[in-house]
Every structure is written in structure tokens, then in C-alpha cells.
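Trainee: any chance you can model this:
(one chain, ligands or ions: 2)
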Amino acid sequence: MSNIAGRVREVFRGDQRVDADALIARLDAVRRFLTAVDGLLPDGDLVPAHTLVERAGTRLALSRDHTVVALAGATGSGKSSLFNALARLELSPVGVRRPTTGVTHACVWGPLEGANHLLDWIGVLPRHRFVRESALDADDETALHGLILLDLPDFDSVQRSHRLEVDRLLGLVDQVVWVVDPQKYADRVIHDSYLREFHRHRDVTVVVLNQADRLSPAEVPRVLDDLRRLLDTDGLTGVPLLATTAVDPAGMVGLRDTMERTVAERQAALRRLAGDVDTVVADLDQLVGSARPAGGPDDTAVNGLNRALAGAAGVPAVTEAVEWAYRHRAGAATGWPVVRGWRRLRPDPLRRLHLPGPPGDQSDPAESLVAATSVPDPTAAQRSALGLAIRAVADRAAADLPAAWPGAVTSAARSRLGDLPDALDHTIAGTDLGLDRRPVWWRAVGGVQWLVTIAAVVGLGWLVLGYALRVLGLPALDNPMVGAVPLPTALLLGGLLAGLLVAALTRPVVRWAARRARARAEQRLTARVAQVGDEYVLTPVRIVLGSYAQARDALRDAARR
Ligand SMILES: Nc1nc2c(ncn2[C@@H]2O[C@H](COP(=O)(O)OP(=O)(O)OP(=O)(O)O)[C@@H](O)[C@H]2O)c(=O)[nH]1
Ligand SMILES: [Mg+2]
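Mentor: Ligands and ions are numbered 1, 2, ... in the order given. Predicted coordinates:
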């Protein structure tokens, strides 16, 4: 059994006063609980709490000066006789034909006006409302001013409508006087279906053994002892138990005194509602338990989710394209100028994915993020890996929560699953992959390549010019020598060889830098994808965990007397 339920069960207040403000605070806590769990827990489990909040609010607003006491019991036990005896008037017919009372009768001590709203709410027909005030002996009755006594139909009735009426009223009245008689006091129906259900309302429960005059004086204590034993079994230890005789005013003294005390205390309504809160809290406690809620999904599960999201978003395909794009763009910038143009004709690997092309590309789709990428759709395996990762996040987050909650956490984790593909795609499209700037060293190497190419072209031109002069019989140029090689030849061959050499030396550097660019892009993409996971999966989970924590705290406040 959980802690709160345990605490509630142990407390027996007896004559302890219930503070109205404390009760209102407890009801507010129940209200907070209901707000926190709204839409998360099955509505069916919350009906009693909603009913309590609504009823308690109405009861406290209607009148705190009146005390509504119901006489409840089996047919023929003498409820109407006690009702009339307390009122000292024949208000509710007493009969030999059973059941006699079919509708609830009410007697109000004090002016009826103040009590009318309460009786409207309780549902007693106006023609069955009586006022004790008008009687001649009203002065004797001042001690009962504020009492609204109800004579209920029989709860063990053959008439279903009687039982329904009794059940309805038992949920509304402030105090119940259970009337039993010497023949039927041990009846199973009264104990199993009613008295036991009222064990949390002990301090607004009174039991009377009526028709005590039908027993011999020696039998009365014996029957009372037996009844007390049954009440203990019902969980009603300590409730007032009296013997009454409705047909003899002397046999009414004890009950009348009890009524007067109840009316004077003006506590019954508060105690009844406090008992209702106890009952609701004990029932709700199993939905909330005492687990310390996790602050959020744990790191292992989140890492798994991020990996699955990256896979589903096509991060590996994009980072591979980044590496190739780097090599492609670096080659175009640093390669041999003669073949650079040809390189540019080949499509950029990132453009093929509809990701940002080389700088200066006017049709850059990243500038209008509405356009989705052409990153391949996730495979079935990636989709199922993502589903499992989301499930794992929910399972880990809800691991310590009571049975009612993991379902809510899983639903929250999956609540935006449908929006994920678009969100991931836009995130990929909007991520700066780090290829926008042309590195300085590209330009330097490109410049060198131009220089050596120009040298080669100059050498070639020089040689062609010399050859032409020779063909035309004109005086030959005086070629300077570089070692044993004429300068034009040195320029041509040197330029060509230098170009090839620079290209050969640059290639491993480009590959290394491309791998770095890939790693950098992977880091950025993973971080952005993780943000999407946070927004679309983890945040909804955290919200449910937050609601759980609020519900747990609210219920703890509601349990506090
Ligand atoms: N001797 C004796 N008879 C009683 C006493 N109380 C009630 N009776 C009689 O018991 C019978 C039933 O009394 P009611 O007051 O009508 O009983 P009830 O509980 O209102 O019965 P329903 O309205 O059918 O639920 C009547 O004949 C009463 O006169 C009592 O204390 N002593
Ligand atoms: Mg009756």
C-alpha cells in the first residue's frame, strides 16, 4: 500500500476540528491535481475527484450554518419514527406496510429560507420540507437550530428507486445516523454495502440501535457489544453507538444530545468533506504513487535518440557529400588551370542533394528554406530504429512511474512523430555546413598554379616564336640559358612540372581537409538534429514528467490534514 493511503487510513480524528481554510486548501490541491493530469490519465479514474471538487465547492458556498443529517437504514428499522420523535411532530408517515417512506422528507430547525437552497441542491421536494420553527415549543428547540434532518427511504428496498435515492443522498449529506433494529442489525447488506464504505467518514457517522424497548434490559448491552464488534470489523472503530426507543421520549435523549452537539460544533459539513478528500486521495494515490519523478530522459536514451534521428535525417549521406564537395571545390580552386574549367562542369555533390552549392551560386536553395532537400528518405530500418529509440526514451523516463503513467509518457514522446521528417529536412537544409568560405590557402595554391601555368605558356610562346623566326630565315632569338637548358624550355617544362608537382602535393592536403570538413559538418548537423529531437520528442516527455511531479505534489498537499 502506498504511503499516502496508509497515512490517511491511520488517522482517526474523533473530535478533532477540521479547519475550513485547511479544507479549502486541500480541495484546491485536488483541483491542481486534476489540472496536472488532465488528458494524461483515464477520465474514468478521475470522476470521483471531479465530483468531490464540484460538490464540495457547492456545499461550502451554499450554507455553513446548516448541518444536514440523514437517518438511513433498512426498512422498518424506525427511521421515520425517529424523525418524527426528534421533530416532536408527525411529519413522515410511519406505517406497517413496507417500505413506507418512498421519498426523502426534511425537517428544518430554524427558518426555512436559509435552508431552501441547500434542500434544492440536495433534491428534497418542497412539499416534503417541514419547519420546526413554527411549532409552539420552538424555544425548546433552539439547541437544534441549523439542523436539517432527513428521513431517507430504505436502502435495502425492493424498490430500486429507493436505493438510488439513498445512494445519491449519502453522497451529499453532512452526517449519517445509521438506524438498525434488534432483528436486522447484523444484516450483511448494511455492513458490506454501506457501513464499510463509510470507514473514512467515521467522525460523521452515528449508529443507533433503535427499538431497544423490544429487548430486555439485560439484552441491550449484549446486542450493543455485538454490534460494536461488527462496526470494528467495518472499520468504524470509535463511532458513537446508541440505543434508542422512538416510541418513548426518554429513549431519545442520547440521540438528541448527539444531534445538539453536532449542530453546535458546525463541523459536520467540514468533516464530511474532509472524509471525502481522504477517500479520493487514497483512491488516486495508486495512480501517482510515491516515485520520485525523473528530471527528464536519461543520457543513454537521448544519445540513442540522437543517433537514430541523425540516421533518419540522412546525416551520413550529407556528410559524405560534404567531403566530396570539399574535394570537388578544392580541386576546382587549386587544380591545374587548364583542366579547372572541365572540373567545374561536373555537378557539385551537395547541389545534387539540393543543399547549398558553391559560394556565389545564385540558385542556392539554402536561401529559401521552404525548399526541402533531396536527401534520401529514411529506410525502413532507419524508421524502425527511430521508433525504438523514441520508445526507449519514453521507457527510461517513465521507468519509476506508476502503471498509469508510462502510456502517457510514450504518447507524448510520439505525439509529434508525424512532424519529424519535415522538421529534420528543414534543419538539414538550414544547417551551415561550413563550406561557404573559400579557404585562403586555396587561393594561394590557385595563384601559384596560375603563375606556373603562365610561365609554361610564356615558355611555349617563346619557343614557338623562335621556331617561326627560324622558319622565316630571320635572325634567331638569343635564348638565355638556365644551366644547360634554354630559358624558354625551362619555363615550359618547369611550368608544367611545377603545376603537376603542386597538384600532387595539394591532393593529400585536400583529402585531409575534406575529412575535417566532413567531421565539422557532422558535428553541426548532429547538434541541430539533436535540437529537433529535443523540441519534438524530449520536450513533450519533460512536460508529462513535469505534470507527474505537479500531480504528485498536489496529491501530497491534498493528503495533508
Ligand atoms: N416498539 C417500537 N416500535 C418502533 C420503534 N421505532 C419504530 N417502530 C415501529 O416500527 C415500524 C416501522 O417504523 P418506521 O418508522 O416506519 O420505519 P422506517 O425505517 O421509516 O421504514 P421505511 O420507511 O419503510 O424505510 C412502525 O410500526 C413503528 O411504529 C421503536 O423504537 N420501538
Ligand atoms: Mg420511513
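Trainee: so how far is residue 89 from the closest residue to ligand 1 within the chain?
Mentor: Nearest residue of the chain to ligand 1, counting by Cβ to the nearest ligand atom: residue 78, 2.9 Å away. Any C-beta I mention is one placed from the backbone N, CA and C, and that applies to glycine too. Distance of residue 78 to residue 89, given as Cβ to Cβ, to the nearest Å: 16 Å.
Trainee: of those two, who's got more company?
Mentor: residue 78 (23 against 14; other Cβ atoms under 10 Å).
Trainee: can you pull the contacts of the more buried one?
Mentor: 179, 181, 210-211, 244, 246 (Cβ atoms under 8 Å, 6 or more residues apart in numbering).
Trainee: just read off the phi/psi values of it.
Mentor: Torsion angles at residue 78 (phi, psi; degrees, to the nearest 10) stand at phi 110, psi 30.
Trainee: just give the nearest non-adjacent residue to it, would you?
Mentor: Spatially, and ignoring its direct neighbours in sequence, residue 78 is nearest to residue 210 (4.1 Å; Cβ to Cβ, 6 or more residues apart in numbering).
Trainee: isn't the one you found up against residue 83?
Mentor: No: at 11.3 Å, residue 210 does not count as touching residue 83 under the criterion of Cβ atoms under 8 Å.
Trainee: so residue 111 sits against residue 132, correct?
Mentor: No: with contact defined as Cβ under 8 Å, residue 111 does not count as touching residue 132 (10.2 Å).
Trainee: so for the two, which residue has more residues nearby?
Mentor: Under the criterion of other Cβ under 10 Å, the comparison of residue 111 against residue 132 puts residue 132 first, with 23 against 12.
Trainee: so, low pLDDT: which residues of the stretch 151-300 of the chain?
Mentor: Within the stretch 151-300 of the chain, the ranges that satisfy pLDDT under 70 run 293-295.
Trainee: could you pull out the strands for it?
Mentor: For the stretch 151-300 of the chain, applying DSSP state E, counting those that start in this stretch gives strands covering 175-180, 205-209, 241-243.
Trainee: same list, the ones you listed, but as a markdown table with distance to residue 438 and mean neighbour count please.
Mentor: Output for the strands of the stretch 151-300 of the chain, formatted as a markdown table (distance: least, Cβ to Cβ, whole Å; neighbours: other Cβ atoms under 10 Å):
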| stretch | distance to residue 438 | mean neighbour count |
| --- | --- | --- |
| strand 175-180 | 88 | 27 |
| strand 205-209 | 88 | 24 |
| strand 241-243 | 96 | 19 |
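Trainee: make JSON lines out of those and add distance to ligand 2.
Mentor: As requested, the strands of the stretch 151-300 of the chain are exported to JSON lines (distance: least, Cβ to the ion, whole Å):
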{"stretch": "strand 175-180", "distance to ligand 2": "10"}
{"stretch": "strand 205-209", "distance to ligand 2": "14"}
{"stretch": "strand 241-243", "distance to ligand 2": "19"}
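Trainee: ok, and the most crowded of the contacts of residue 78?
Mentor: Ranking the contacts of residue 78 using other Cβ under 10 Å puts residue 179 first, with 31 neighbours.
Trainee: how much space between the nearest residue to residue 245 once chain neighbours are set aside and residue 262?
Mentor: Nearest residue to residue 245 in three dimensions, chain neighbours excluded: residue 251, at 2.6 Å (Cβ to Cβ, 6+ apart). Distance, residue 251 to residue 262, by Cβ to Cβ: 19 Å.
Trainee: more neighbours, those two?
Mentor: Legend: neighbour count by other Cβ under 10 Å for residue 251 and residue 262, higher for residue 262 (23 against 19).
Trainee: quick one: that one and residue 119, what's the gap?
Mentor: 18 Å.
Trainee: now do residue 218
Mentor: 43 Å.
Trainee: do the same with residue 162
Mentor: For residue 162, the distance to residue 119 - Cβ to Cβ - is 19 Å.
Trainee: then residue 84?
Mentor: In terms of Cβ to Cβ, residue 84 sits 19 Å off from residue 119.
Trainee: equivalent analysis for residue 211, please.
Mentor: For residue 211, the distance to residue 119 - Cβ to Cβ - is 29 Å.
Trainee: pretty sure residue 323 is in a helix, no?
Mentor: Yes: under DSSP: H, G, I helix; E, B strand; the rest coil, residue 323 sits within a helix.
Trainee: quick one: neighbours of it, just the number.
Mentor: Quick note: residue 323 (other Cβ under 10 Å) scores 20 neighbours.
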